[in-house]
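Q: What follows is a predicted structure for the sequence shown.
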Amino acid sequence: MAGHSKWANIQHRKGRQDAVRSKLFSKFAKEITVAAKMGDPDPDKNPRLRLAVKEAKSNSCPKDVIDRAIKKAIGGDAENYDEIRYEGYGPNGVAVIVETMTDNKNRTASNVRSLFSKNGGNLGETGSVSFMFDRMGEIVYPASVGSEDAVMEAAIMAGAADVESSEDGHFIYCADTDLNDVSTALEEELGESESTKLVWRPQTTTELGLEDAQKLMKLIESLEDDDDVQRVTSNVEMSDEVMAQL
C-alpha cells in the first residue's frame, strides 16, 4: 500500500499517451453501444453503461460521440459484437491479456496471433496467463484530492479492498462486482474520479530491461492499434531508469 507499483504507472501513462484520439474514441463508442444494447439505455439504470460513459468522459470523449453510440443501440442497427479474451506471452515471458470486441472472430484471432508472432510474443490458450491476475475494479483519483490517510479512510468506508497512493495519484481497487457501488460512494466523498474501470491486476510482476521493455511496448502498441482490440494488460515491472528511456 505504501508505494505505487510500476505496473500501474505504465498502465496509467500508456492510457494518457494514446497517439490516435479518434481510434480511442471509437473503442469507447463500441463499449458504450454494447453496454446500452445489453441493458437499459439509461446510464442511471445500467451500471455497465454508466461506467463506460464515465470512462469515456474522463478521456475527453466528445458528448456527441457518446450520445450517438447510445442511440445506435436504441435504434437496433448496432452490430453484434462478441467479447473475446486472448492470452499470451511477450518478451522474457511477460504475461499479456488482450480484450477484444469483434463482429468477425476469425479475423480477430488471426490478427492477434499475427501481432504476437511479429513482435516476439506467443499467443497461448485461454486461461494460460489470466490465473496470474485478479479481475478488479480500479478507481483513480489525482494526488491532490487528499492525503493518503484521508483517501484510505474514504476507500475503506466505500467498500474498497486496496489503495495504492503516490505522487502519480490514488489507485483504489475493489471487487469487480462492487465497482459501481464503490465508485458511487467515493464520488460522494471525493468527487469525480479521473478513471473508473475494470482491470486485470497482476498478482506478481516480471521485471524487464530496456531492450525487452521496448519490444513489449511495440507489441502492446501494435495490439492496441487493431480496431477489434479494446485494451491490453501485462504484468510487467520496469525500473525508473528503464521507464525514463521509453
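A: Perfect, thanks for sending it.
Q: measure T102 to R68 for me?
A: 20 Å (Cβ to Cβ, to the nearest Å). (Each C-beta comes from the backbone N, C-alpha and C, glycine too.)
Q: Looking only at neighbour counts, state which of the two leads.
A: T102 (23 against 13; other Cβ atoms under 10 Å).
Q: Surely the more buried one touches Y86?
A: No: counting by Cβ atoms under 8 Å, T102 stays clear of Y86, with 10.6 Å between them.
Q: which stretches of this protein have low pLDDT?
A: Along the chain, the model assigns pLDDT under 70 to residues 1-20, 77-78, 242, 246.
Q: Do a quick rundown of the helices in it.
A: Secondary structure of the chain, counting by DSSP state H: helices at 6-16, 21-38, 47-58, 63-74, 105-118, 148-158, 179-190, 210-224, 240-245.
Q: The second one to helix 210-224, inter-axis angle?
A: So the one you mean is helix 21-38. 50 degrees (axes from the mean of the first three to the mean of the last three Cα atoms, to 10 degrees).
Q: buried stuff in helix 21-38?
A: Along helix 21-38, these residues count as buried under the neighbour rule (16 or more other Cβ atoms under 10 Å): 24-25, 27-37.
Q: So which of the residues you listed is the closest to V182?
A: A35 (18.4 Å; Cβ to Cβ).
Q: The closest one: what's it in contact with?
A: Taking Cβ atoms under 8 Å, 6 or more residues apart in numbering, we find A35 in contact with N46, R48, L49, A52.
Q: Would you convert those into JSON lines that also reports distance to M152 and neighbour count?
A: Shown next, in JSON lines, are those (distance: Cβ to Cβ, whole Å; neighbours: other Cβ atoms under 10 Å):
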{"residue": "N46", "distance to M152": "30", "neighbour count": "19"}
{"residue": "R48", "distance to M152": "28", "neighbour count": "19"}
{"residue": "L49", "distance to M152": "30", "neighbour count": "26"}
{"residue": "A52", "distance to M152": "28", "neighbour count": "26"}
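Q: Report the contact partners of the residue of the chain most remote from its centre.
A: No residue in the chain sits farther from the centre than G75, which is 28.0 Å out by Cα atoms, centre = their mean. The contact partners of G75, taken as Cβ under 8 Å, 6+ apart, number zero.
Q: Tell me how far the closest residue to F171 other than its chain neighbours lies from E207.
A: Leaving aside its chain neighbours, F171 sits nearest to E164 (4.5 Å; criterion: Cβ to Cβ, 6 or more residues apart in numbering). Separation of E164 from E207 (Cβ to Cβ) stands at 18 Å.
Q: the more surrounded of these two?
A: Using other Cβ under 10 Å as the criterion, E164 and E207 rank with E164 on top: 19 against 14.
Q: At the geometric centre of the protein, which residue do we find?
A: V199 (5.1 Å).
Q: Spatially nearest residue to that one (excluding sequence neighbours)?
A: E138 (4.4 Å).
Q: my read: that neighbour touches D176, true?
A: No: using Cβ under 8 Å as the test, E138 is too far from D176 to be in contact (9.7 Å).
Q: Using PDB, write down the CA coordinates of stretch 163-170.
A: Only the C-alpha atoms of stretch 163-170 are listed here, as PDB (Å, rounded to 0.1, in the frame of the first residue of the first chain):
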ATOM      1  CA  VAL A 163      -5.400   1.500  -2.200                       C
ATOM      2  CA  GLU A 164      -2.000   2.400  -3.700                       C
ATOM      3  CA  SER A 165      -1.000   6.100  -3.300                       C
ATOM      4  CA  SER A 166       2.000   8.000  -4.700                       C
ATOM      5  CA  GLU A 167       2.700  11.300  -6.400                       C
ATOM      6  CA  ASP A 168       1.000   9.800  -9.500                       C
ATOM      7  CA  GLY A 169      -2.300   9.600  -7.700                       C
ATOM      8  CA  HIS A 170      -4.500   7.300  -5.600                       C
END
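Q: Since that was my last question, I'll sign off now.
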